[in-house]
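In: curious how this folds, go ahead:
(chains A and B)
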Amino acid sequence: MAKRKSRKARRRAPPATRAGMPAQDSVREIITKVAPTGMKFRILRTTERDTYEARSGPRKGKPV
Amino acid sequence: MPAVDSIHEARRVISARGRRFRVLRTTEVDEYESSPAAVSLRRVLGRRAPSAMAVAAATKTKPTGDQFAGTSRKAAKLSIAPGPTKTFADLKTLIASFVLDDKMIAHKPKIKTTASAGRVKEENKNVKVKAFLYAASREDDNDFHLIIGRAVTKSPEMYMTMELSGLPPANSPALAQLTAARNAFKVFFGAHLPNFSYDFYDPPIPVTIAGSLFFDMSHSTGQRPGPPSLKSRMPTIWEVHPVTTITLG
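Out: Numbers count the residues shown, from 1 in each chain, chains lettered A, B, ... in the order given. The predicted structure follows:
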């Protein structure tokens, strides 16, 4: 019988796929947040940026 | 499965043994692939697995301040359109109400991207919609980019950009309203405001959002705004910009 994943491993599992999720390999951090309204949600911090921002650092001479 | 945005062709295939399957041809290449074609492809797509450099770029010094620090169409971005607000029940209906992008790009007179370029007639509208916040980032002009979409249960998937502007000068008539909207966003996220790279929200956050229409002429050519994972479902470069009211959660 397959060994069941530990609770810690399950918590670290990448987010399930649904519409509007980022590419899994772009997620660098997951934070659980409770908003002042009481809503609980996860923040998936990614490396995704606007493609015109692809180079790191503030742009010079590019319209924003 | 591959990222939806990486698929450029899907073919149905029947094997010699009669098994049916689909071949999804993608633009994904191994990170170590160094052929000129692969390097060029990665450069064009701006997509790669998180490398140390990508993570470093995403976590670079947090932006500070609230003042608008951009120049492109500054006058339009920091002004609120005159007139009443039209309410839309669905983002799809809102997007369908926009003048086609191609028509706006060919607009006469041409929409300029200089700092003093104000709103054109088609942008002089205020709208309000109930939708969901899927992702957000902060640009170096201090605008927050919000990626607003339909409910996850609705088809087709559809997103557009709405922006909380950096703040205008103290003598601007829009200052109070733009400050209130920005503060509402900041209070909701507290210490977890987005930075230069996109934060995604799971589940997406219900939002009632209003603001003035804005056509993003500065990105009418070249790469369009939006996170790579969602961009293919962002059918327009129309924006709500600036956001004038926002209620989250």
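
In: now residue B:243. Nearest residue, chain neighbours left out?
Out: residue B:211 (4.1 Å; CB to CB, 6 or more residues apart in numbering or on different chains). Every residue, glycine included, has its C-beta placed from N, CA and C.

In: ok, that neighbour touching residue B:182?
Out: No - using CB atoms under 8 Å, residue B:211 is not in contact with residue B:182, being 11.8 Å away.

In: quick one: which of these two has more around it?
Out: Each of residue B:211 and residue B:182 has its neighbours counted (other CB atoms under 10 Å in any protein chain shown); residue B:211 has more, 27 against 21.

In: and the gap between that one and chain A?
Out: The gap separating residue B:211 from chain A is 18 Å, by CB to the nearest CB, to the nearest Å.

In: for residue B:127, same thing?
Out: In this view, residue B:127 and chain A are 21 Å apart by CB to the nearest CB.

In: please apply the same query to residue B:213.
Out: Going from residue B:213 to chain A by CB to the nearest CB gives 19 Å.

In: chain center to whichever strand or helix holds that residue, what's the gap?
Out: Here residue B:213, judged by DSSP states H and E, is contained in strand B:199-215. Distance of strand B:199-215 from the chain centroid (CA atoms, centre = their mean, to the nearest Å) equals 9 Å.

In: could you pull up the mean pLDDT of that strand?
Out: The pLDDT scores in strand B:199-215 average 97.

In: over to stretch B:80-94?
Out: 96.

In: do stretch B:138-150 and chain A come into contact?
Out: Yes - Stretch B:138-150 reaches chain A (CB under 8 Å from any CB of the partner chain) through B:139-141, B:143, B:145, B:149.

In: of those, the lowest pLDDT goes to which?
Out: Ranked by pLDDT, the residues of stretch B:138-150 next to chain A bottom out at residue B:140 (86).

In: wait, that residue sits on residue B:71?
Out: No - using CB under 8 Å, residue B:140 makes no contact with residue B:71, being 11.7 Å away.

In: what's the following helix or strand after the strand holding residue B:213?
Out: Downstream of strand B:199-215 (by DSSP H and E), the next one is strand B:238-248.

In: just checking, what packs against that next one?
Out: In terms of contacts (3 or more CB pairs under 8 Å, 6 or more residues apart in numbering or on different chains; DSSP states H and E), strand B:238-248 is packed against helix B:74-77, strand B:126-138, strand B:159-164, helix B:175-189, strand B:199-215.

In: in that strand, what counts as buried?
Out: B:238-244, B:246, B:248 (16 or more other CB atoms under 10 Å in any protein chain shown).

In: determine which two of those residues are furthest apart.
Out: The distance between the two most remote of the buried residues of strand B:238-248 (CB to CB) is 21.9 Å, for B:238 and B:248.

In: re earlier: pick the most buried one from the helices and strands packed on strand B:238-248.
Out: strand B:159-164 (a mean of 25; mean count of other CB atoms under 10 Å in any protein chain shown).

In: angle of that one against strand B:238-248?
Out: Angle of strand B:159-164 versus strand B:238-248, following axes from the mean of the first three to the mean of the last three CA atoms, to 10 degrees, is 70 degrees.

In: strand partners of strand B:159-164, parallel vs antiparallel please.
Out: Taking DSSP bridges as the criterion, strand B:159-164 forms sheet pairs with strand B:144-149 (antiparallel), strand B:238-248 (parallel).

In: want to throw the ones you listed into TSV with distance to residue B:22?
Out: Below are the strands paired with strand B:159-164 laid out as TSV (distance: least, CB to CB, whole Å):
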stretch	distance to residue B:22
strand B:144-149	26
strand B:238-248	34
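
In: wait, which of the ones you listed is closest to residue B:105?
Out: Comparing the strands paired with strand B:159-164 by CB to CB, strand B:238-248 comes nearest, at 11.5 Å.

In: distance from the closest one to the middle of the chain?
Out: The answer for strand B:238-248 is 12 Å, by CA atoms, centre = their mean.

In: still on that earlier bit, same for the strand holding residue B:213, what does it pack against?
Out: Against strand B:199-215 (3+ CB pairs under 8 Å, 6+ apart) you get strand A:40-46, strand B:126-138, strand B:144-149, strand B:159-164, strand B:238-248.

In: mean confidence for the longest one?
Out: In this case it means strand B:126-138. 97.
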